[in-house]
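1. fold the following.
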Amino acid sequence: MNQLTLSLQFGKFDDVALHRAALPRHKVARWLRAALQSDAEITVRVVDAAEGQSLNRDYRKKDYATNVLTFDYTLEPVVTADLVLCAPVVAQEAKAQGKTLEAHYAHLLVHGALHAQGWDHDEDEDAQVMELRESEIMARLGFDNPY
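-> Numbers count the residues shown, from 1 in each chain. From the prediction side, this is the model:
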C-alpha cells in the first residue's frame, strides 16, 4: 500500500461540525489511498464560500466558489498536492444530486487525488477515461457510481 502523509484542515465557517463529521481522518486517508498510484503528501483543506471563491479567482481566473480545487506540486517521486474543498458548494451539490455528504466528499477527494497525479478531463475522451477510473475506485470503496 502506498504511503500517505495527510494534513486535514478545516477553516472557520457555519456548520463546520457537520463537515468534520462527514470527513473523519481515517476515511479521508482511505479514500485518498484508493486513488493513489504512488506515495503522497496531501493537505486537504475544507473552506467556506469566500475562501473557495478567492482561491478559484486568484488561481484559475474563475470568480466563483467551486467544489474542489487541486494544487499539484510534484508527481515524482512523491505526489505532493493541496486539495481545497468548498463546504457550502459540496453540501449544495450533495443535496441536489441526492447523495450523502460523505459520498460526495469521497468522490471529490478521489477526483482531486487523480488530478494531483496528472489526470485531466478537459477533452471529452480524457473525461470519459477519468470518470470511468473514478467510478471504479468509488465502487471498490463501496459507493455508488458518482455519475
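
2. can you map out the helices along the protein?
-> 16-22, 25-35, 49-60, 87-96, 101-116, 124-140 (DSSP state H).

3. what sits up against the shortest one?
-> Outside of helix 16-22, the residues that reach it under the criterion C-beta atoms under 8 Å, 6 or more residues apart in numbering are 10, 46, 87, 90-91, 100-102, 105. (Glycine included, C-beta is placed from N, CA and C.)

4. if we go to 10 Å?
-> With contact meaning C-beta atoms under 10 Å, 6 or more residues apart in numbering, helix 16-22 is reached by 8, 10-11, 13, 15, 28, 46-48, 85, 87-88, 90-91, 94, 100-106.

5. Tyr59 and Phe71 touch, don't they?
-> Yes. Tyr59 is within contact range of Phe71, at 7.3 Å (criterion: C-beta atoms under 10 Å).

6. are any of the contacts of helix 16-22 buried, and if so which?
-> 10-11, 13, 28, 46-48, 85, 87-88, 90-91, 94, 101-106 (16 or more other C-beta atoms under 10 Å).

7. okay, which residue is most central for this protein?
-> Nearest to the mean C-alpha position of the chain, counting by C-alpha atoms, centre = their mean, stands Leu109 at 2.6 Å.

8. how much space between it and Pro77?
-> 22 Å (C-beta to C-beta, to the nearest Å).

9. now Gln53
-> The value you get for Gln53 to Pro77, if C-beta to C-beta is used, is 34 Å.

10. between the two, which is the more surrounded one?
-> Using other C-beta atoms under 10 Å, the more surrounded residue of Gln53 and Pro77 is Gln53, with 18 against 7.
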